[in-house]
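J.: predicted model and sequence follow; I will ask about them next.
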Amino acid sequence: MTSALETGRADREVNLDERSLHMRVKWFVEKWTTAMDLNKRDAAELNADLVMVVQSVHRDASRETHALLTKALMAMPPQPIFVPKFTQEQ
């Protein structure tokens, strides 16, 4: 079970990653479409297509990593938790 703080941090990281991806793709498209002398519509289509390709590659790569991590965690035996019993004498 995750806390609201952990969930917020995870959401923030996802948003930062996605924003970073879009900024890098925008930079890439601006750099290369200026050299190719494309109009704004063609540049926008290239931007969208490139983002979709990068996201697909990332999703595919993370799927395999997630599966491997899940299998590794499932193979680990559960660790016993010992809680000391306090008596009134202590």
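T.: Ah, there it is. Numbers count the residues shown, from 1 in each chain.

J.: which parts of the chain are strands?
T.: Assigned by DSSP state E, the chain shows no strands.

J.: please enumerate the helices of it.
T.: 4-36, 40-75 (DSSP state H).

J.: any idea of the angle the longest one forms with helix 4-36?
T.: For helix 40-75 against helix 4-36, the angle between stretch directions is 140 degrees (axes from the mean of the first three to the mean of the last three Cα atoms, to 10 degrees).

J.: distance from helix 40-75 to the middle of the chain?
T.: 9 Å (Cα atoms, centre = their mean, to the nearest Å).

J.: hmm, back to that, so which of the helices of the chain comes closest to Gln88?
T.: If you check each of those against Gln88 by Cβ to Cβ, helix 4-36 wins as the nearest, at 36.3 Å. Using the backbone N, CA and C atoms, a C-beta is placed for each residue, glycine as well.

J.: in that closest one, what counts as buried?
T.: 25, 29, 33 (16 or more other Cβ atoms under 10 Å).

J.: just send the helices of the chain back as TSV, with mean pLDDT and distance to Gln88 too.
T.: Output for the helices of the chain, formatted as TSV (pLDDT from 0 to 100; distance: least, Cβ to Cβ, whole Å):
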stretch	mean pLDDT	distance to Gln88
helix 4-36	83	36
helix 40-75	85	40
